[in-house]
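J.: need a structure here:
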Amino acid sequence: MSSSDHGWQETTDPNTGRKYYYNKITRQTQWTRPAEMDEAASAEGASSDPESIAANWATASDPSSGKTYYYNRVSKKTQWKKPACLEETETTAAVSEPAKPVPASTPSPKAEPEKEKQKETDGSDSDSDDSSDKDNDGDEQDTPAADGRKKLEESDSEEDDSGDDSDDAPAQEEENKVDMEQANKGRMMQVRQKLAESDVQDVKTKLEAEEEEYEFQFAKHRHGWFNRVLRLGNGFDEERLLSFKKSLIKKALLKQNRELDEEAVQCFKNLMSYMGDRKSSKGPMEHVKKMTRNLMLAPAGLRDEAYMQLCKQTNKNPKEPSNVRGWELFNIFLATFPPSKQLKSYLIDYIKKTLEETKWETVRVLARAALERIPRIVLLGQRKQVPSSLEIENIKECKEVPLRISLVNNEFKTFNVSPYTTVLEVMEMCYQKFNLTCTSPFALYEAAEVNQERLLDTKDRVLDVLASWENDQLQKDAADDEDAPKKGKKAEAKQPEEEKASGIKFNKFLFKAKLVLKTSVKEVMADPEAIDLLFMQAVADVTSSRYPANDKDISVLAALQLQAQNGDFKKDVHLPGWLVPKLDLYLPRETLKKKAGKAGGKSEKEWEQLILSKYAKVAGFSALESKLNYLDYVQEWVFYGSTFFVVEQRQFKDYPSPLTLGINCEGVILMHPEKKTVLEKYLFTDIVTWGHSDEKFIVVVGNIVQQRKLIFKTDEGKIMNLLIHDYVKFKVKGKEAAK
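T.: Residues are numbered from 1 along each chain as shown. Next up is the predicted model:
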């Protein structure tokens, strides 16, 4: 059917800007697009996209999920999302318009004389064009709402017929009918929307209620081998199933874990061995570490199984030592991995019941600690590492773990932390302990030997870092105990030696400046404690030979260091021989290794005499002035304040690989790892962008016209990326403050 066949035309109302439809044959007007136009467009191929025509779409319900989906009769396409053309049609239908939708400039449509005459003769409008129009619009004719609309329209029509004999009366009648229809459709859409929203809310409430009332399905456990094999008799009830048992279970307690029967039984063996209810050649610490590691690598269902097994073995357990060990395990697990959301409520109820019924005070203390741990572990999620031996011992005693944080001069402060304390929280403790107001430059590191340290991620839990020094990398096929499946031991035997090696052995936490800023930064200069820490770090970098320095610089720096730490030179105190035993505190170790008379080397007495002579010349400087002079001196070195990373490269054919990449307040430098000479230097103004992956660090240098991408292989790309970001952020912040 063509447009000339059905007579419909699309027109725009100049008052509202809305589109409406006028039939030049029947003289009808309406806001909704007639179905005849869509059918004609589909038949003639007027629309290149059949999916944009509302009449082509049908709705259906998925029998498996109950969800509504949409099917296109022409393109045969199905989708969950409601097509845009349907949403536009519904939106248009839901909006009610003024009483006179037809513009004044548009001729008012009139009913055909024959039909109007028939209406007057019959006294009925059941065969009117308006009812025909409703059929074309696809309205719901058989609903009570449709019947109500029809009666209203009939009454309105009768009133119009009796009250107006003018030539425009039929047109006005049609306009009123269209308005009434649109208003009714709008109300029906609102009702449907409210019903849909209430249905969604009902479903949401129902799901939440089901989650709260979730009950685990327990596997059927029967007494005796014969009954188990033939599945005779009723299984144990919940009370008996979740009560202390002297012997091993034969399968998982939870029905959903039946596929993990072997792992569940093994977990129960380890649990009984730790609690002392089963003999074993291994000690409790070995059992708890192995069990915790296996559960961290296992499916979530097995972790719930372990919690349920603990509930079983601590329920009606007649032995106090065994009970205490079980509650120790509760706390160790709750410091390592969370229970599922469904099990959370069950555990809380069980712990509260134990607090009410237990007769042992030690159990009560452990149960109370477990109750406090549940919300924290659920919030933070599973740890990255099996707890260290130090942490486990403190958990068993319901104590926090003492953590020693060192400074670069080997002084330290001790902080008490929990299994949930993050690196950022420890940093904030340090800020407060050292009275820092300028905090952004300082961070927490893990350190090994001199000049071997790694910046820590602020989101990591600090006790995970501590545990990583003691534990090997978490391996899924790690060795099990004497009852472990053979595949675990075979997998470990095949593990290459280089994978077992842990590389650098970190052994302490170090609080130091991450952003080594110059004395020109006002924020640093306003904080004496920050200046003190930066001075301390600069001295450590010089004396550890982190930065290369010539003899002239060394002697001046040593004199300033003496002035800052000891005050003015005194002839009667600072006699020859006074400084010799302490030269390693003032001179680089590489300098002291040089023998006198070779390659510019000096004897200890020669160094003492040179330093003391310059020490006398700096008399009169205060401690703060001496520290600032020291910092002013070293910050001119190209290496000063650099955090160094060992990276591999293939782009520079004349440079070694691996080489040393340094990041400082000025930019990025590439340094020869042995000669310690600068190979390349890129200021932050030369860096266009930077980024990282798990195995690479990328920096793009140059300008808008010409750029070069440098790629370095490293597993510390994330830290390098963050370090540059923090330096740039601090510089931008400083420029904004200067404005």
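J.: With adjacent residues omitted, what lies nearest to residue 633?
T.: Distances taken as C-beta to C-beta, 6 or more residues apart in numbering put residue 557 closest to residue 633, at 6.2 Å, once the chain neighbours are dropped. Using the backbone N, CA and C atoms, a C-beta is placed for each residue, glycine as well.
J.: got the contact list for the helix or strand hosting that neighbour?
T.: Counting by DSSP states H and E, the element that carries residue 557 is helix 551-566. Identification of contacts with helix 551-566 by C-beta atoms under 8 Å, 6 or more residues apart in numbering yields 535, 539, 542, 549, 569, 586-588, 591, 600, 602, 607, 610-611, 614-615, 617-619, 621, 623, 626-627, 629-630, 633-634.
J.: Buried residues, the helix or strand following it. List them.
T.: Next along the chain after helix 551-566, taking DSSP H and E as the criterion, comes helix 589-593. By neighbour count on 16 or more other C-beta atoms under 10 Å, the buried set for helix 589-593 is 591-592.
J.: mean confidence score for whatever helix or strand comes next after helix 589-593?
T.: Sequence order places helix 604-617 as the next helix or strand after helix 589-593, per DSSP H and E. Averaged over helix 604-617, pLDDT sits at 87.
J.: Other residues contacting helix 604-617?
T.: By C-beta under 8 Å, 6+ apart, the residues outside helix 604-617 that reach it are 555-556, 558-559, 562-563, 569, 574, 576-580, 583, 586-587, 592, 596, 602.
J.: Just the buried residues of those residues.
T.: Members of the contacts of helix 604-617 classed as buried by 16+ other C-beta under 10 Å are 555-556, 558-559, 562-563, 569, 574, 579, 583, 586-587, 592, 602.
J.: Check whether residue 545 really touches residue 584, as I assumed.
T.: No. Counting by C-beta atoms under 8 Å, residue 545 stays clear of residue 584, with 11.4 Å between them.
J.: quick one: which of these two has more around it?
T.: A side-by-side neighbour count of residue 545 and residue 584, using other C-beta atoms under 10 Å, places residue 545 first with 18 against 11.
J.: how about the nearest residue to residue 373, chain neighbours excluded?
T.: Nearest non-adjacent residue to residue 373 (C-beta to C-beta, 6+ apart): residue 334, at 4.0 Å.
J.: And the one you found, how far from residue 382?
T.: 11 Å (C-beta to C-beta, to the nearest Å).
J.: Residue 56 now?
T.: 50 Å.
J.: So for the two, which sits in the more crowded spot?
T.: Neighbours per residue, other C-beta under 10 Å: of residue 56 and residue 382, the larger number sits with residue 56, 22 against 12.
J.: Roughly how far does that one sit from residue 7?
T.: 22 Å.
J.: coming back round to it: distance to residue 273 added to the buried ones among the contacts of helix 604-617, as JSON lines?
T.: Below are the buried ones among the contacts of helix 604-617 laid out as JSON lines (distance: C-beta to C-beta, whole Å):
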{"residue": "555", "distance to residue 273": "65"}
{"residue": "556", "distance to residue 273": "65"}
{"residue": "558", "distance to residue 273": "60"}
{"residue": "559", "distance to residue 273": "64"}
{"residue": "562", "distance to residue 273": "61"}
{"residue": "563", "distance to residue 273": "63"}
{"residue": "569", "distance to residue 273": "68"}
{"residue": "574", "distance to residue 273": "66"}
{"residue": "579", "distance to residue 273": "61"}
{"residue": "583", "distance to residue 273": "57"}
{"residue": "586", "distance to residue 273": "57"}
{"residue": "587", "distance to residue 273": "57"}
{"residue": "592", "distance to residue 273": "55"}
{"residue": "602", "distance to residue 273": "64"}
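J.: Quick check: which ranges of the chain have low pLDDT?
T.: The chain contains residues with pLDDT under 70 at 1-6, 39-50, 63-65, 88-241, 257-258, 472-503, 595-601, 733-739.
J.: domain parsing for it?
T.: 3-191, 225-382, 401-512, 519-634, 643-738 (automatic domain parsing).
J.: Reformat the ones you listed as a markdown table; add distance to residue 395.
T.: Conversion of the domains of the chain to a markdown table gives the following (distance: least, C-beta to C-beta, whole Å):
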| stretch | distance to residue 395 |
| --- | --- |
| domain 3-191 | 45 |
| domain 225-382 | 5 |
| domain 401-512 | 7 |
| domain 519-634 | 33 |
| domain 643-738 | 30 |
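J.: Nearest approach to residue 388 belongs to which of those?
T.: For residue 388, the closest of those is domain 401-512, at 4.2 Å, according to C-beta to C-beta.
J.: Wait, residue 703 touches residue 688, no?
T.: Yes. Using C-beta under 8 Å, residue 703 is in contact with residue 688, at 7.3 Å.
J.: Which residue of the two possesses the greater neighbour count?
T.: Using other C-beta under 10 Å as the criterion, residue 703 and residue 688 rank with residue 688 on top: 13 against 9.
J.: Does the more buried one touch residue 700 like I think?
T.: Yes. Applying C-beta under 8 Å, one finds residue 688 in contact with residue 700, separated by 4.4 Å.
J.: So for these two, which residues contact both of them?
T.: By C-beta under 8 Å, 6+ apart, residue 688 and residue 700 have these common neighbours: residue 707.
J.: how far away is the residue nearest to residue 373 from residue 347?
T.: 9 Å.
J.: So between these two, which is more surrounded?
T.: More crowded of residue 334 and residue 347, by other C-beta under 10 Å: residue 334, with 24 against 21.
J.: quick one, what contacts that one?
T.: 370, 373-374, 377 are the contacts of residue 334 under C-beta under 8 Å, 6+ apart.
J.: any idea which of these has the most stuff around it?
T.: That'd be residue 370 among these, by other C-beta under 10 Å, with 26 neighbours.
J.: so the closest residue to it other than its chain neighbours is in which element?
T.: With sequence-adjacent residues excluded and distances taken as C-beta to C-beta, 6+ apart, residue 370 is closest to residue 330, at 4.7 Å. Assigned by DSSP H and E, residue 330 belongs to helix 320-334.
J.: and that helix, C-alpha only, in CSV?
T.: Written as CSV, here are the backbone C-alpha positions of helix 320-334 (Å, rounded to 0.1, in the frame of the first residue of the first chain):
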residue,chain,number,x,y,z
GLU,A,320,39.0,-27.3,76.1
PRO,A,321,42.4,-27.4,74.3
SER,A,322,40.8,-28.6,71.1
ASN,A,323,38.1,-26.0,71.4
VAL,A,324,40.6,-23.2,71.9
ARG,A,325,42.6,-24.4,68.9
GLY,A,326,39.5,-24.4,66.8
TRP,A,327,38.6,-20.8,67.7
GLU,A,328,42.2,-19.8,67.0
LEU,A,329,41.7,-21.1,63.5
PHE,A,330,38.4,-19.1,63.2
ASN,A,331,40.4,-15.9,63.9
ILE,A,332,43.2,-16.9,61.5
PHE,A,333,40.8,-17.6,58.7
LEU,A,334,38.9,-14.4,59.4
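J.: Please point out which parts of the very next helix or strand once past it sit buried.
T.: Later in the chain than helix 320-334, the nearest helix or strand by DSSP H and E is helix 341-357. Within helix 341-357, the residues that count as buried by 16+ other C-beta under 10 Å are 343-344, 346-347, 350-351, 354.
J.: Stretch 548-556 too?
T.: 549, 553-556.
J.: Just the buried subset of the contacts of helix 551-566, written out for ChimeraX, thanks.
T.: Burial among those is assessed by 16+ other C-beta under 10 Å; the matching ChimeraX selection reads:
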select :535,539,542,549,569,586,587,588,591,602,607,610,611,614,615,618,621,626,627,629,630,633,634
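J.: how close does the nearest residue to residue 518 once chain neighbours are set aside sit to residue 727?
T.: Spatially, and ignoring its direct neighbours in sequence, residue 518 is nearest to residue 635 (5.0 Å; C-beta to C-beta, 6+ apart). To residue 727, residue 635 is 14 Å away according to C-beta to C-beta.
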